[in-house]
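[1] Sequence first, then the predicted structure:
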Amino acid sequence: MAATAPAVDVTGAAPVTPRRRRPPFGAYGLLVPAAVVIGVALGYPLVRQFVISFQEYGLRQQFGQPAEWVGLANYTDLLTDPYVWTVIGRSILFCLLNAAVTMVVGVALAVLMSRVGKVARTTLQVSLLLAWGTPVLASMTVWQWLFDTQYGVINWVLSEVLGIDSMAGHSWIIEPLSFYFVATVIVVWMSVPFVVFSVYAGLLQVPEETMEAAQLDGASGWQRFWGITIPMMRPVLSIVMLLQVIWDLKVFTQIYVLQRAGAPTRDTNLLGTLIYSYAGEFSKAGALATIMLVITLALTGFYIRQMLKEDEL
Amino acid sequence: MKMLRFAAVGVAAALTLTACSSGDDPSSDPSEAGTPEPATIKLWLNGTDTGDALREYLVTTFEAENPGSKLVIEEQDWSGLVPRLQTALASEDQTPDVVEIGNTQSATFTYAGAFSDISDLYEEVGGAKLLQGFVDAGIADGKNYALPYYSGARAVFYNKDMFAAAGVEVPTTIAEFGEAAKKLQSDSVSGFWFPGQDWYNGATWLYTAGGDFAVQEGDEWKGALSEPKSIEGLEQVADLFANATNAPADSDSNEPWVPFNAGQAAMFSAPTWARWSIDLPQCNKGVDPDDTSDEAKALRGEQQACNEEHTGVFAMPGNAAGDYATAFAGGSNIAVAAKSKNQDLAKSLVRIIYSPEFQQMLGENGLIPGNTEYASSMGDDVYAQAAISAALNAKLTPAAEKWADVEGDRILEDFFQQIATGADVAEAAAAADQLLADTLN
């Protein structure tokens, strides 16, 4: 997905207009495996989720009773519940904030990586890979220990080393805001490596000559970064941003584990954990998942259109 | 480039969609009991309460009584059990044949039709001698779908040295218990280890004062936390949170012996098998728990004796001297999956579980067997006595169809945590009642 050669000279592109030919039948054949996989792995659950969201479908139905059609009842139930709106609002805020912080930190680290020497770069790469490669639950356990109320290192450092007595036995997750702060630290820590590697790969594709020419023309480092690097990396940045928004909206594991570590559940639910909590009412969970899909599309539709438009050029 | 970008959008779409998949295969009719031809059946046991010796007994006995058949025991984790059962029990190919299920989770599955009607076994395996509250949790429409497996009563463990140093006697009423806990409390030592989310222990005060979590009125369930008697019990809970414990409000009931072992708590309440987890520093001989030499065994024996010498145990006292408190009855039920293809073999396993030998083995392992006739097998040491006294008075959570949702939503964890952080009891109770009613109806 790395950006390529100077995308700027589109206007001066060679006037070679390839004759459009109808693809041979075989080309469709090649699409079949992918279509089948998508159809089975994604299409079926999606359709089923959509269907049960219009039914009364709970545990009883799962064990054999007929499911009744209820029209939009599940949706109206959810959308008239102020609590659901609170959670939607929280989720969107959390998602945008996390995606933004992740992008800023990620791009900054990628630029740093392209400027430092070999040893520093390798160290950085290895640490990032380790952070990325650690299984989520394993790293969550470590994070939980770090922030533990009684025995956590963070409270110990704050109270014993820095002498802030009030931090001894401070609970980091009992207040929603502080809970989201901890969650943000963890989510950002986990997502940054992906951004760094993608953006770093993109940075390597920015042609030296263009940069050199700009430098000769007297552009400062900052100007070169904003005027050349960023525009050239737009495709990479927008895809990475898109993925971050999607991932951060559907964040589940980190929130769930932190909640189980002792946070007040109702005050800290995001969409992922709220859907999960409708465990026995599949129709309601399906309806909320569909609403979440719509929100995701609304948040990312702009990017997707932008990307498809660029492709048409 | 074009392809790559297209692929990236595809991947993005895929990642979004997987977040939304839910539900399971549409269920088909439960299979009728087939001929008991040899088969391999699965038993799901939760946690490690059922020890290895008991498991071995089940496997060998089952295989001896059903030649050619095999029993596979799979251990499940208590946490996340409900969703796992929801998916597994609904699939004919995936379902375990016999399951252990938490007593408070029984009602939900019983009403859903997840279990087979085993009313015909009821009399045979003990009838009226079975733990009644547990039996009730497994009844729907007058039929038995789940029967009691074991109950783990709670008892209070206390540090004898701390009691002696503070001049505190073993309390004889629940009010005295509160006084003792406050007297033992200091900045570094909790009088009573009472974690903020520990509603299992909190239930003791609620129930003993005559309150309840929810009550049924006609067809409707109603939250009962703001009833006067409930409030009375909850005020005592608030008092303990404020004046008798240093336990963090964000901690739960897991491993309460950790602070006790570290000398940071004078008392904690836990199922009686917690005695094996007590490890006071003055008694620790530094033996490797995996060392099986005679020497190590002797040292471990000494260590255990020393721990038990410095640790006392009593059943939580009730409102008047000589009474016992009404505590929450932890424990589990046994049920046969409705979708199991091996109904007869499954029932054969249930019969083995209720055989006198196995019931006695449960008791010897510190669990109160489902058939109370065998409770004496627990022995007559202080631990057994405390456990039995506590169990006879214990009470379950309301037998509501949707009780599992209350636990899934963690309404009670949130509620007790609010009390632990000093919220107004009446206000918090009213809010929790509303949530309970919304969830249960």
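    Looks like it came in fine.
[2] Near chain B, which residues of the stretch 201-313 of chain A? Just list them.
    Within the stretch 201-313 of chain A, the residues that sit near chain B (C-beta under 8 Å from any C-beta of the partner chain) are A:235, A:239, A:242-243, A:246-247, A:250, A:252, A:259-267, A:272, A:275-277, A:279-280, A:282, A:285-286, A:289-290, A:292-293, A:296, A:300, A:304, A:307-308, A:310-311. The C-beta positions use only the backbone N, C-alpha and C, and glycine is treated the same way.
[3] Show me those residues that map onto helices.
    Mapping these onto helices (DSSP state H) picks out A:235, A:239, A:242-243, A:246-247, A:259-260, A:265-267, A:272, A:275-277, A:282, A:285-286, A:289-290, A:292-293, A:296, A:300, A:304, A:307-308, A:310-311.
[4] which among those end up buried?
    Buried members of these, counted by 16 or more other C-beta atoms under 10 Å in any protein chain shown: A:235, A:239, A:242-243, A:246-247, A:259-260, A:265-267, A:272, A:275-277, A:282, A:285-286, A:289-290, A:292-293, A:296, A:300, A:304, A:307.
[5] domain ranges for chain A?
    A:26-71, A:90-312 (automatic domain parsing).
[6] what about the shortest one, start to end distance?
    Its first and final residues considered, domain A:26-71 spans 43 Å by C-alpha to C-alpha, to the nearest Å.
[7] Next one: that domain, is it in contact with chain B?
    Yes. Using C-beta under 8 Å from any C-beta, domain A:26-71 reaches chain B at A:38, A:41-42, A:45-46, A:48-49, A:52, A:57-65.
[8] List the buried residues of the helix or strand hosting A:Leu78.
    If you go by DSSP states H and E, A:Leu78 is part of helix A:73-79. Neighbour counts over helix A:73-79 (16+ other C-beta under 10 Å) mark A:73-75, A:77-78 as buried.
[9] just checking, next helix/strand downstream of that helix?
    Next element after helix A:73-79 (DSSP H and E): helix A:82-115.
[10] Flag every buried residue along that following helix.
    When burial is assessed from 16+ other C-beta under 10 Å, helix A:82-115 yields the following buried residues: A:84, A:87-88, A:90-92, A:94-95, A:98-99, A:101-103, A:105-107, A:109-111, A:113.
[11] now the most centrally placed residue in chain B, which residues is it bridged with?
    In chain B, the centroid-proximal residue (C-alpha atoms, centre = their mean) is B:Gly330; its distance is 3.8 Å. Beta-bridge partners recorded for B:Gly330 (DSSP bridges): B:Gly152.
[12] ok, it - contacts?
    Listed by C-beta atoms under 8 Å, 6 or more residues apart in numbering or on different chains, the contact set of B:Gly330 reads B:103, B:151-154, B:200, B:271.
[13] is the helix holding A:Leu78 anywhere near chain B?
    No. Helix A:73-79 lies out of reach of chain B by C-beta under 8 Å from any C-beta, never closer than 11.2 Å.
[14] pLDDT (mean, whole number) over that helix?
    Across helix A:73-79, pLDDT averages out at 93.
[15] just stretch A:290-305 next, same as before
    The average of the pLDDT scores along stretch A:290-305 is 89.
[16] Now do it: distance to the chain's middle.
    Relative to the mean C-alpha coordinate of its chain, stretch A:290-305 is positioned 13 Å out (C-alpha atoms, centre = their mean, to the nearest Å).
[17] for stretch B:330-343, same thing?
    Going by C-alpha atoms, centre = their mean, where stretch B:330-343 is centred and where its chain is centred differ by 17 Å.
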